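Asks: quick one, structure for this:
(chains A and B)
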There are 2 protein chains.
Amino acid sequence: MLRELLAGLPSPWTEAVEGPGTWSPFDVVGHLIHGERTDWIPRVEHILRHGDAIPFPAFDREAMFAASRSASLQELLETFGRLRAENLDRLVALALTAEDLARRGRHPALGEVTLGQHLATWVAHDLGHLGQVVLVMARQYSEAVGPWRAYLSILGPA
Amino acid sequence: MLRELLAGLPSPWTEAVEGPGTWSPFDVVGHLIHGERTDWIPRVEHILRHGDAIPFPAFDREAMFAASRSASLQELLETFGRLRAENLDRLVALALTAEDLARRGRHPALGEVTLGQHLATWVAHDLGHLGQVVLVMARQYSEAVGPWRAYLSILGPA
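Replies: The predicted structure is shown next:
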């Protein structure tokens, strides 16, 4: 989906932000890559290995600002696509059972969580960042749509 | 993008709504089809032909509830993909100039608009409905994510 949305777009779309400290589509793809490397499957394996005896290592939500700096968006999209496919293969290979999904882990800030909650969060986190990308892109046209702004709730109040 | 997001998903995802009167992903795809048929390119041609002398015919934002009733989501996705591709071909064939983009039309409720504003609205409208689909899907997991809800702003307050 991110490839369909972003590949080949010029940088005013892909590097758009909503203000200081907010993330561009480029930043979001970098963040998703970091999640594939350090969060989603690694924490599944952490729960299966340690249960709630050892908290997860903390996840650095802004690691991509350094890690993606020299990459092109096209490279990031390819890296993310490859890592996600590998991680879904690993997930399938684990053949998790309903009992596994109820296994408990320990989040360093949130405390006790289950493996099932972690996997649901992987999905909702994807959708949240996809919504973020769509929102920041739409808002680049807040002025360009003229009077139609009144009908486009994604653009927020004028 | 909609194909990547929705094709093959079971109906609890594709027919999810947020409450009475809200739209499911299935409804949104039907609405986008109706826009391809009656709004985006037809109004471009209307402006080129009539300028602001004749208001656009009104657009029925809920026409899909009747029109899509007997279709499968897979059929709707294919229909939308085909219509969108045809309409983008028509747009390219018009070879609009900067002067054309400044041409004025008349919206039945909003009054005077330009062709450029109409085309920007096509883009922002796509993104708005994509955000709507992503949001309603994410919220199906509001409970499933457990304590992570506090970190997922797309899910709204608990």
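Asks: pull out the buried residues from stretch A:56-70.
Replies: Across stretch A:56-70, burial judged by 16 or more other CB atoms under 10 Å in any protein chain shown covers A:Phe56, A:Ala63, A:Met64, A:Ala67, A:Ser68. For the C-beta atoms, the positions are set from N, CA and C on the backbone; glycine is no exception.
Asks: and chain B, is it touching that?
Replies: No - applying CB under 8 Å from any CB of the partner chain, one finds stretch A:56-70 out of contact with chain B, separated by at least 9.1 Å.
Asks: can you show me the CA trace of that stretch as CSV?
Replies: The C-alpha coordinates for stretch A:56-70 follow below in CSV (Å, rounded to 0.1, in the frame of the first residue of the first chain):
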residue,chain,number,x,y,z
PHE,A,56,11.0,-5.9,26.5
PRO,A,57,14.0,-3.7,25.6
ALA,A,58,12.6,-0.1,25.0
PHE,A,59,11.7,0.8,21.4
ASP,A,60,13.2,4.1,20.1
ARG,A,61,10.4,5.7,18.2
GLU,A,62,12.6,8.3,16.6
ALA,A,63,15.5,6.1,15.6
MET,A,64,14.7,6.6,11.9
PHE,A,65,15.8,10.3,12.0
ALA,A,66,19.4,9.1,12.1
ALA,A,67,19.0,5.7,10.4
SER,A,68,17.2,6.9,7.2
ARG,A,69,19.1,10.1,6.7
SER,A,70,21.1,9.1,3.6
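Asks: let me know the pLDDT of the spatially most central residue of chain A.
Replies: Closest residue to the average C-alpha location of chain A: A:Leu32 at 3.9 Å, with CA atoms, centre = their mean. Listed pLDDT for A:Leu32 reads 96.
Asks: from chain B, how far out is it?
Replies: Noted for A:Leu32: a distance of 14 Å to chain B, by CB to the nearest CB, to the nearest Å.
Asks: name the SS class of A:Gly105, please.
Replies: Classification of A:Gly105 by DSSP: H, G, I helix; E, B strand; the rest coil places it in strand.
Asks: not counting residues beside it along the chain, what's closest to it?
Replies: Leaving aside its chain neighbours, A:Gly105 sits nearest to A:Ile47 (3.8 Å; criterion: CB to CB, 6 or more residues apart in numbering or on different chains).
Asks: which elements pack onto the helix or strand hosting that neighbour?
Replies: Using DSSP states H and E, A:Ile47 sits within helix A:40-50. Applying 3 or more CB pairs under 8 Å, 6 or more residues apart in numbering or on different chains; DSSP states H and E, we find helix A:40-50 packed against helix A:73-94, strand A:104-107, helix A:115-138.
Asks: run the last query once more with 6 Å
Replies: Applying 3 or more CB pairs under 6 Å, 6 or more residues apart in numbering or on different chains; DSSP states H and E, one finds that helix A:40-50 contacts helix A:115-138.
Asks: which other helices and strands does the helix it packs on contact?
Replies: helix A:25-38, helix A:40-50, helix A:98-101, helix B:115-138.
Asks: check contacts around the residue nearest to A:Gly105.
Replies: A:Ile47 is in contact with A:Arg103, A:Gly105, A:Leu115, counting by CB atoms under 6 Å, 6 or more residues apart in numbering or on different chains.
Asks: returning to what we had before: not counting sequence-adjacent ones, nearest residue to the residue nearest to the centre of chain A?
Replies: Nearest residue to A:Leu32, sequence neighbours excluded (CB to CB, 6+ apart): A:Phe80, at 5.4 Å.
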